[in-house]
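> Here is a sequence together with a model predicted from it:
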Amino acid sequence: MMEIEAYLRKDYITNLINEGKRIDGRGFDEYRKMDIEKNYVDDKACGSSLIKLGKTKVLVGISMSVGEPYPDKPQEGVMTTSVEFRPMASPTFESGPPREEAIEVARVVDRGIRESGAIDTKKLFIEEDKVWIVFIDIHILDHNGNLIDASGIASISALMNTRIPKYEDGKIIYGEFEGKLPITCVPIPCTVAKIGNSILIDPNLDEEYAMDSRLTIATTDTINAMQKGGNGSFKEEEILSAIDLSFEKAKEIRKLIEE
Amino acid sequence: MMEIEAYLRKDYITNLINEGKRIDGRGFDEYRKMDIEKNYVDDKACGSSLIKLGKTKVLVGISMSVGEPYPDKPQEGVMTTSVEFRPMASPTFESGPPREEAIEVARVVDRGIRESGAIDTKKLFIEEDKVWIVFIDIHILDHNGNLIDASGIASISALMNTRIPKYEDGKIIYGEFEGKLPITCVPIPCTVAKIGNSILIDPNLDEEYAMDSRLTIATTDTINAMQKGGNGSFKEEEILSAIDLSFEKAKEIRKLIEE
Amino acid sequence: MMEIEAYLRKDYITNLINEGKRIDGRGFDEYRKMDIEKNYVDDKACGSSLIKLGKTKVLVGISMSVGEPYPDKPQEGVMTTSVEFRPMASPTFESGPPREEAIEVARVVDRGIRESGAIDTKKLFIEEDKVWIVFIDIHILDHNGNLIDASGIASISALMNTRIPKYEDGKIIYGEFEGKLPITCVPIPCTVAKIGNSILIDPNLDEEYAMDSRLTIATTDTINAMQKGGNGSFKEEEILSAIDLSFEKAKEIRKLIEE
Amino acid sequence: MVLIKDGKRLDGRDFDELRDVKMEVSVLERAVGSAYMEWGKNKVMAAVYGPRELHPKFLQDPTKALLRCTYNLAPFSVEERKRPGPDRRSVEISKVTTEALSSVVMLEKFPNTVIDVFIEILQADAGTRCVGLTAASLALADAGIPMRDLVAACSAGKIQGEIVVDLMKEEDNYGECDLPLAIIPRKGEVVLLQMDGKLTKDEFKKAYELAFKGAMKVYEMQKNTLLGSMKRFVGEGGNDDGN
Amino acid sequence: MVLIKDGKRLDGRDFDELRDVKMEVSVLERAVGSAYMEWGKNKVMAAVYGPRELHPKFLQDPTKALLRCTYNLAPFSVEERKRPGPDRRSVEISKVTTEALSSVVMLEKFPNTVIDVFIEILQADAGTRCVGLTAASLALADAGIPMRDLVAACSAGKIQGEIVVDLMKEEDNYGECDLPLAIIPRKGEVVLLQMDGKLTKDEFKKAYELAFKGAMKVYEMQKNTLLGSMKRFVGEGGNDDGN
Amino acid sequence: MVLIKDGKRLDGRDFDELRDVKMEVSVLERAVGSAYMEWGKNKVMAAVYGPRELHPKFLQDPTKALLRCTYNLAPFSVEERKRPGPDRRSVEISKVTTEALSSVVMLEKFPNTVIDVFIEILQADAGTRCVGLTAASLALADAGIPMRDLVAACSAGKIQGEIVVDLMKEEDNYGECDLPLAIIPRKGEVVLLQMDGKLTKDEFKKAYELAFKGAMKVYEMQKNTLLGSMKRFVGEGGNDDGN
């Protein structure tokens, strides 16, 4: 529950924003410094990326296993996205099964990737009743705001450097690889926060405390996923300008991770 | 835990009963008004019934799926009964897995149907290792007393209007049907409560607070299931007269749902 | 959490030990009276032993079922060890899934048996993808100290009197047997406690409250498993002398259960 | 699957036409407030308990009530039985529903308490989160919980390249996009917005407008329902009514 | 399977004959009270803890103690291993056992507390709920918990058309009906009654009488066991006993 | 699998040679203290929160803090994905890690509180419990929690009949024995000791000595790391540093 200090901090941030300033000096349309270390879990995972978005740290690892397809798509591989808010990342995170905040992050990241068709799941068919399962595991290590974007960007980056293990005689040969995971496009989620009447991108932790609501828009060449969060509301024009901003920022970020 | 108000209410009800009266004016051997809406979940469930027993509301839906038989009965279909005390139904119900009260309702309803052989499970065999599974899902929506009878009556009513989906090439074709679920008899549970030295049928919520114990008897042409509940005790003659009452009332109810 | 009484008891025990005495008059290298009733669950389990170690009572039952082998050992049977701290056994045990203390007991017992190769799992192969699964279920009934040794000794004793059920046409015929479970050696765990500067074997409950740390050593003709527990520390020479003591005591106990 | 033929949808609707909607309040005895809705083939019940004391105490907020919405899909509400208990989809819907309603309920009036809203989907046929949220809003009003406005919801989507309002099951399954929207009508602002599929910005604008107009229609029905309920209440209590 | 031959049952018993029953109390060190029973091939232990303070506090009843019985089937107690943890059957048996014992334990003497009764089925061979309840009643007496009476239990059933007392496993599996009964002997009233199968009213009466008489025999054994235990206790404490 | 060739191990190490070890502290923003380690292919992070008030209150110890270590293997840290959530192995490692650290942390200084230590194995390649414990010890120091000493850990084992230090994955899989050890270096005593496999007493002595020496090397690295961190801290705050 919110305490006095949280209220004061919220007031302080809101006043600052109303004056057109952010606590860390950024412009309203400016992301924090983003640093992506690809193949961080180089020896064990099939793919991985560690992202530092300001002081937020998220590690995404990709595991591949062989399993059954969904009955309604018998010729396609399967992807599944899990998020763990590790208790290491914040004093408010607890051990135990994911709570609703973690589930929301997982589902929004999942939708951006799934709906854009970023993974060419048709190429993950092995034989009847056997397809590749792609596990996207998002490990939150240090929570300093905007977990959705950090998680989504690290996820697509990790998928882009994922290799498919060798599969012979019904067994996966870990450590040997057959090729790269087929990726068709690069969906990027961008999140804006609304504080007072201002819209600003990539809220840090303090700004998340102060925000009334947020809106995430994941884009490729189209919009692929949207998610409004928080107890506040958005006007139509705010949504439309957030869409423009998302397309623009996604282009910049896409360059960064395609390097 | 019981509070002062509950004690007062219990006293009031008990005194009333001792004077030969019920709070809603019914006779001791009289059910509340019973209203059954068959096929309530008309488009999705294989069978369903919504019962209103006084102000108690219970919705039962039947789902059919294909699975493995029990090893000791390889030629027979399977039935399974679940009860959910939805938190919507009472301020004392909580979200989460069923507690002992819900489990008891499920098991007593299940026994009445199972032991009477109401479902002709031998006709639910499909092929080796494949039989129909009949799911009876009991959804308590509004708890105003006597959940066992409401659940049991709605369950057999729902089963009686259940259709078996089409099954082709190892897949269920939902929305198309092959025939009706084979029902051989109509087991009806009747519950009496003991308050002071009086035995009365179909206790409402207030009477359940006041009752010392209850006895449920599910009958077809024989007794198929019995369950004593509550912290009190029964004399032999009370049990025997409850049996007579159960046979008699079951006949009336059977007519109602066979309409 | 520890209470005043526990502190006083701890002090009392520690002082006693420092004077070279134990509360029940035993020598530091002396086990409590050990009584083993083999085949206690004579009619239902495949093997069983009830041990009384002083006032500690542990019942171990062995169940056999047929299942899949581990992928990396397709020709070998499987063993699995579970411990339940039944709430009957102590006012501090609660219903629910095993807590860390119970898991530790299970894992230490398991390691002693597994690492010594006591069960000849290669003889538990049935046919492709089908092997015997040996379930060791440890049921703590009365906790008066040294649960690891009591559990480990009862487990190997139960395994030694385990029979393999008949298996015909893909089904287990319970109650008929094909032969004995193949046992190659008799691993015995011995636990010492460190109280002050003293090392003593087979701590009872009071001594467990007072002990700084404990060390379990499971032996056959070699050491097969070790586990240090508790918040204190051990010197090298203490460990070495505990090893000697463990080999020696294991011999005595082995005689007892091989009778 | 052909979803559009001769400019009409599978069930004969125009692109901007809602399915049939029925609303009723005070349908349950035990709950403080309740509502029942049919919307196309959807059948949904909502119930409100509280404000009541929140346990355990350390969860209490001395400045406002906690609002807690629980969305639940009955096992038999869909063709292939759904296993009981919350899955990740239900948890997410519960969360966005709670947030949407938190924007209107005057939580500050009931410090240290919890207001529970339970949404049961009894039969599901696409758009259940919109129906559930709309019904929950009615149940809150029925419970007499003070609100700044109602919340009304409606979805839009894209099927065979066309933007249409209020997808039914087949359109949801075989269509290209779904966009559920909830608004607070008096301010005309958005309190729930989700989307998945593929939409250009222009398509989004069109879908947004259709969903918004749909929600405004739903809002009118909500007001009429509550008005009818109040009239009935006045009528029942008054002297001039013979019923 | 032939269950009756020449008027005798599989194990040679007459229709109204109980299996062998053994009882013992004070078998555990840590528990406040405990009992062990063998009944046919059943082996059952019961233990009592409390009255002790109930946590969390909001569960406390200021007018009486909470009684909580937990019935548990050990994994190895049946031929095909039972997975650890409570299943629906165990939960139901725990509930009816708790209710049966609540009728005799003087709960009103220990407000705000809980009395826990743990029943462990170590080997199971039909009728375990009757054995468990009978043992639990002994363990409560052994713990010195004040009771208005003991509870004694016994089952009856129908096999091959005959009503018989105290079914063993094969009779339970292949028989037509099982009726477990528990009574408070002094009042002669029923505190546990369950039944499943097929019985006419007349058959029920016959089964009821057999089970009732069986329970009365069990009651005599319970009293003797407790008397023996008290004698031993007096003997141990006294001066005139050389043991 | 051949693990030793020409007196050298698979990765060219001598029998008494450790894998490469890297240490860093203060790597996380939110945690009170944190550390990162690479040890061979292992990558491990540790974080400390607290001392903070312990809830629920009845768990509080008025004489000292509760130390609670949680060891967790990330799903992608091993080749075949590990299902999230604690398994029995993790629970056991968490327990022995907690006990090892309890021997040095001055818990008595913080009554009624809890100190949480979280260990995340991000990439696993044998010996993770030793790495985790070593990192946890650094994180506690980084958090400024008063300790009597650091805890340093290292394993030894037997491969192809030879006793060697610090097993890597292949050696652990195909070797005959693993013996993880943790010490409090100033007293030279053992606070964690586990072993499984087959060892004679003489082999144990040899393995013990190798592991002990390995842990002493690790201890030196720990001290240097913390010293470096302090220097950097002093440097950053001081006037004479141009960085």
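That came in fine, so what should we check first?
> so where's the stretch 51-200 of chain A shaky on pLDDT?
Scanning the stretch 51-200 of chain A for pLDDT under 70 picks out nothing.
> So which bits of it are right by chain F?
A:55, A:57, A:59, A:61-63, A:65, A:82, A:84, A:86-91, A:95, A:97, A:135, A:137, A:139, A:141-144, A:172, A:174-175 (C-beta under 8 Å from any C-beta of the partner chain). Any C-beta I mention is one placed from the backbone N, CA and C, and that applies to glycine too.
> Sort out for me which of these are in strands.
A:57, A:59, A:61-63, A:65, A:82, A:84, A:135, A:137, A:139, A:141-142, A:172, A:174-175 (DSSP state E).
> Which among these count as buried?
With burial judged by 16 or more other C-beta atoms under 10 Å in any protein chain shown, the buried subset of these is A:57, A:59, A:61-63, A:82, A:84, A:135, A:137, A:139, A:141-142, A:172.
> isn't residue A:30 right up against residue A:202?
Yes. Between residue A:30 and residue A:202 there is a contact under C-beta atoms under 8 Å: 7.4 Å.
> Any idea what the residue lying closest to residue D:96 once chain neighbours are set aside is bridged to?
In space, and not counting its chain neighbours, residue D:96 is closest to residue D:192: 5.5 Å by C-beta to C-beta, 6 or more residues apart in numbering or on different chains. Note on residue D:192: beta-bridge partners by DSSP bridges are residue D:182.
> from what I can see residue D:192 touches residue D:99, true?
Yes. Here residue D:192 lies in contact with residue D:99, judged by C-beta under 8 Å, at a distance of 7.4 Å.
> So for the two, which sits in the more crowded spot?
residue D:192 (25 against 20; other C-beta atoms under 10 Å in any protein chain shown).
> any idea how far whichever residue of chain D sits closest to chain B lies from residue D:132?
Nearest residue of chain D to chain B (C-beta to the nearest C-beta) works out as residue D:76 at 2.4 Å. In this view, residue D:76 and residue D:132 are 17 Å apart by C-beta to C-beta, to the nearest Å.
> what about those two, which has more around it?
Higher neighbour count among residue D:76 and residue D:132: residue D:132, with 31 against 28, using other C-beta under 10 Å.
> In this structure that one contacts residue D:44, no?
Yes. Shown here, residue D:132 and residue D:44 form a contact pair, counting by C-beta under 8 Å, at 5.5 Å.
> So residue D:11: helix, strand or coil?
coil (DSSP: H, G, I helix; E, B strand; the rest coil).
> now it, nearest residue through space, not along the chain?
residue D:168 (6.4 Å).
> repeat for residue D:170
Nearest one to residue D:170, counting by C-beta to C-beta, 6+ apart, is residue D:10 at 5.8 Å.
> How is the residue in chain D positioned nearest to chain C classified with respect to secondary structure?
Closest residue of chain D to chain C, C-beta to the nearest C-beta: residue D:85 (17.8 Å). At residue D:85 the chain is in coil, as set by three-state DSSP.
> So what's the residue count around it?
13.
> Return the residues in contact with residue A:86.
A:93, A:139, A:140, A:141, F:72, F:118, F:120 (C-beta atoms under 8 Å, 6 or more residues apart in numbering or on different chains).
> Strands along chain D, start to end?
D:4-5, D:8-9, D:21-25, D:33-39, D:42-53, D:66-73, D:113-123, D:152-159, D:162-165, D:177-184, D:189-199.
> Quick check, residue A:23 in contact with residue A:204.
Yes. Look at residue A:23 against residue A:204 with C-beta under 8 Å: they come within range, at 7.3 Å.
> can you give me the strands in the stretch 151-259 of chain A?
A:163-168, A:171-180, A:188-195, A:198-201, A:213-219, A:223-229 (DSSP state E, counting those that start in this stretch).
> will you turn those into CSV that also has distance to chain D?
Shown next, in CSV, are those (distance: least, C-beta to the nearest C-beta, whole Å):
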stretch, distance to chain D
strand A:163-168, 26
strand A:171-180, 25
strand A:188-195, 10
strand A:198-201, 13
strand A:213-219, 7
strand A:223-229, 4
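> quick one: which of those is nearest residue A:243?
strand A:213-219 (5.8 Å; C-beta to C-beta).
> Which strands or helices does the closest one pack on?
helix A:100-116, helix A:147-160, strand A:188-195, strand A:223-229, helix A:236-258 (3 or more C-beta pairs under 8 Å, 6 or more residues apart in numbering or on different chains; DSSP states H and E).
> what's the following helix or strand after the first one?
As assigned by DSSP states H and E, the chain's next helix or strand after helix A:100-116 is strand A:125-127.
> Count the neighbours of residue A:99 for me.
With neighbours defined by other C-beta under 10 Å, the count for residue A:99 comes to 13.
> Now for the nearest residue to it once chain neighbours are set aside, how many residues are close by?
Closest residue in space to residue A:99, ignoring its immediate chain neighbours: residue A:85 at 7.4 Å, by C-beta to C-beta, 6+ apart. Neighbour count of residue A:85, defined by other C-beta under 10 Å: 23.
> Give me the distance between the residue at minimal distance from the centre of chain D and chain E.
The residue lying closest to the centre of chain D (C-alpha atoms, centre = their mean) is residue D:133, at 2.3 Å. Using C-beta to the nearest C-beta, to the nearest Å, we find residue D:133 at a distance of 32 Å from chain E.
> Likewise for residue A:7?
30 Å.
> That residue: what secondary structure?
helix.
> Next one: it, what pLDDT does it get?
Residue A:7 carries a pLDDT value of 77.
> Same check on residue D:240?
42.
> if you skip the residues just before and after it, what's nearest to the residue nearest to the centre of chain D?
Leaving aside its sequence neighbours, residue D:133 is closest to residue D:153 (4.6 Å, by C-beta to C-beta, 6+ apart).
> For that neighbour, which residues are in contact?
D:100, D:129-131, D:133-134, D:180-183, D:192, D:215, D:218.
> what about 10 Å?
D:39, D:97, D:100, D:127, D:129-137, D:180-183, D:191-192, D:211, D:214-215, D:218-219 (C-beta atoms under 10 Å, 6 or more residues apart in numbering or on different chains).
> could you give me the average pLDDT of the longest helix along chain D?
If you go by DSSP state H, chain D has its longest helix at helix D:201-237. When pLDDT is averaged over helix D:201-237, the result is 89.
> Any part of it near chain A?
Yes. Residues of helix D:201-237 contacting chain A under C-beta under 10 Å from any C-beta of the partner chain: D:201, D:203, D:204, D:205, D:208, D:209, D:212.
> Give the buried subset of the residues you listed as a PyMOL selection command.
In PyMOL, a selection of the buried entries from these looks like this (16+ other C-beta under 10 Å):
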select buried, chain D and resi 203+204+205+208+212
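> Next, format the residues of helix D:201-237 next to chain A as CSV and append distance to chain C.
Shown next, in CSV, are the residues of helix D:201-237 next to chain A (distance: C-beta to the nearest C-beta, whole Å):
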residue, distance to chain C
D:201, 50
D:203, 49
D:204, 48
D:205, 53
D:208, 49
D:209, 53
D:212, 50
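> and of the residues of helix D:201-237 next to chain A, the nearest to residue F:68?
residue D:204 (48.3 Å).
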